[in-house]
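Chemist: here you go, sequence then predicted model.
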Amino acid sequence: MMDSSVTRRQFYVLYSAIVVCASASYFVSAQAPTLTVLSREGRKPIPIAAINNQEYIAVDDINAAFGTTSREDRLAGGLTITARGQSIVLTADQNVVSVAGRLASLPAAVLRRDNRWLVPVDFLPRALSTALATRIDYRRGVRLLIVGDMRVPRVVARLDAGTTNVAVTFEVTPNTEAKVSAQAGRLVVQFDADALELSIPLLPQQNFVTGIAPGDTPNTVALTLGPRYATHRVITTQADAGSGRLTIDLLPATTEAAPTPAPSPAPDTRLVIPTQGPSTGLRTVVIDPGHGGEELGTQGAKGTLEKEVTLSVARRLRTLIESRLGLKVFLTRDDDRTMSLDERSAFANNHHADVFLSVHANSAVRPSLRGAEVYYLTVERADAEARKRADESSTTLPALGGGTRAIDLILWETAQARYLEQSAALAGFVEQALAARVEMSPRAVQQAPFRVLVGANMPAALVEIGYLSNADQETQLTTPAYQEQLAQALLDALIRFRELLEP
């Protein structure tokens, strides 16, 4: 059974999950068309039938792939599919289906042929996704179905050959962090993703790179180097609001490569270098899943761990932000590791985040307490004097080519001070968005001296998504449907906050 739960890490087998989508001249398949289902459990092919210019999939194949069941009512001419206790009712020759009592339209009619029920492929994201309470993303161009909170950016490679160099460019949508490492006879590009939808062109005649292919892991691309290659330089740019561009310039030994910038010094535990004052746009979001590693966080009566719930919600939110808004999103941790509070806010500072959201689950002595809560830094930790010091602190550093330049530096304890008003607005948007989807605590928005917010040099808020000490809420917080509602609410809040920053 397909399961989008991010806690089932033992099924994270994706070596064959990179989808290579090349031009027609590069890849031609003589086999019948298939749909590739990609999840954290792995990769499964499902056959597709082309009928009346529409692509159909058999309900029997859906049952086998997703663990659903179906029952036919021949007298009524209908079929009921059961998915996680939810019913989907289909009627032959109709393009409208009922999902748990709600109607969903399809691009073509449901068919019953040769004792088999067939549905358009769009049935999966439009109807089955709702019943399973699981995100299903259909990439029609490459017949790829992504199930769950998988991050699969589209990566289009291009090669431009010059007389003295070759440039290999990767257009990445949504924009995704990547790094290039040199290995024996090749360069490996590793993307911050689960898998790649990779498009590779035909290579023109040249002696710098002899091949571009999927790497050894699902999130890498390997460049096999030719005899003229001697060195390289990497350039990253923002192609547009939702895409990034990574260019690898391959150079011969006779060409001077641009000097490699000196590595940045390790972040000081007391100082941060601020951005240009209050945020004026939303391009990068850092999400902080609370606790991790040896820090379990709070624990419910049934054994639910805060560190696991917060990571699951953070991953869902990252997927929504990347797919809906096209922003750069980083998690302070994407696995079960221990991080200090200062390391978390330092991570956001180092990634030049425009927003920092720390996600936690609550606990109380009284088991009746329940509901989500939102916090931003208390005034006592960001008072007027602190804000004044944050605005006035500066130092002078030598500049390249002679002379000096002024650099603003602020104490760690006053980093959040200049963003207090924006943080309050962010917390208000989060509270309103959560209240529209989930139950809130009687004290929905509060101020508190949370250490993780103190050093954040951008608008920041901490979200308590519910009480694990409440039996009902513990059950809720473990369900994919409830986690998806939380992620959707936080996405809605970020959309409103972006409108505030970019009027």
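Modeler: Ah, there it is.
Chemist: does the residue of the chain most remote from its centre sit in a helix, a strand or a coil?
Modeler: Using Cα atoms, centre = their mean, the residue of the chain lying farthest from its centre is residue 75. It sits 46.0 Å away. What DSSP: H, G, I helix; E, B strand; the rest coil gives for residue 75 is coil.
Chemist: which ones are touching it?
Modeler: For residue 75, no contacting residues are found, by Cβ atoms under 8 Å, 6 or more residues apart in numbering. C-beta here means a position set from N, CA and C on the backbone, and glycine is covered the same way.
Chemist: I'd like the numbering to begin with 52 instead of 1 from here.
Modeler: With the count now opening at 52, the last piece we talked about shows up as residue 126.
Chemist: next, it: phi, psi?
Modeler: Backbone torsions of residue 126, given as degrees, to the nearest 10, read phi -60, psi -40.
Chemist: mind naming the longest helix for this structure?
Modeler: helix 531-552 (DSSP state H).
Chemist: that helix: which residues count as buried?
Modeler: The neighbour-count check on helix 531-552 (16 or more other Cβ atoms under 10 Å) flags 531, 533-545, 548-549, 552 as buried.
Chemist: tell me how far that helix is from the chain's mean position?
Modeler: The chain centre lies 13 Å from the centre of helix 531-552; the measure is Cα atoms, centre = their mean, to the nearest Å.
Chemist: output it as PDB, restricted to C-alpha atoms.
Modeler: C-alpha atoms of helix 531-552 as PDB (Å, rounded to 0.1, in the frame of the first residue of the first chain):
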ATOM      1  CA  PRO A 531      -1.800  12.700   7.400                       C
ATOM      2  CA  ALA A 532      -5.100  14.600   6.900                       C
ATOM      3  CA  TYR A 533      -4.600  16.700  10.000                       C
ATOM      4  CA  GLN A 534      -1.000  17.400   9.200                       C
ATOM      5  CA  GLU A 535      -2.000  18.400   5.800                       C
ATOM      6  CA  GLN A 536      -4.500  20.900   7.200                       C
ATOM      7  CA  LEU A 537      -1.800  22.400   9.400                       C
ATOM      8  CA  ALA A 538       0.600  22.700   6.500                       C
ATOM      9  CA  GLN A 539      -2.100  24.300   4.300                       C
ATOM     10  CA  ALA A 540      -2.900  26.800   7.000                       C
ATOM     11  CA  LEU A 541       0.700  27.800   7.400                       C
ATOM     12  CA  LEU A 542       0.900  28.200   3.600                       C
ATOM     13  CA  ASP A 543      -2.100  30.500   3.700                       C
ATOM     14  CA  ALA A 544      -0.400  32.600   6.300                       C
ATOM     15  CA  LEU A 545       2.700  32.900   4.300                       C
ATOM     16  CA  ILE A 546       0.700  34.000   1.300                       C
ATOM     17  CA  ARG A 547      -0.900  36.800   3.300                       C
ATOM     18  CA  PHE A 548       2.500  37.800   4.800                       C
ATOM     19  CA  ARG A 549       4.000  38.000   1.300                       C
ATOM     20  CA  GLU A 550       1.200  40.300   0.300                       C
ATOM     21  CA  LEU A 551       2.100  42.500   3.300                       C
ATOM     22  CA  LEU A 552       5.800  42.600   2.300                       C
END
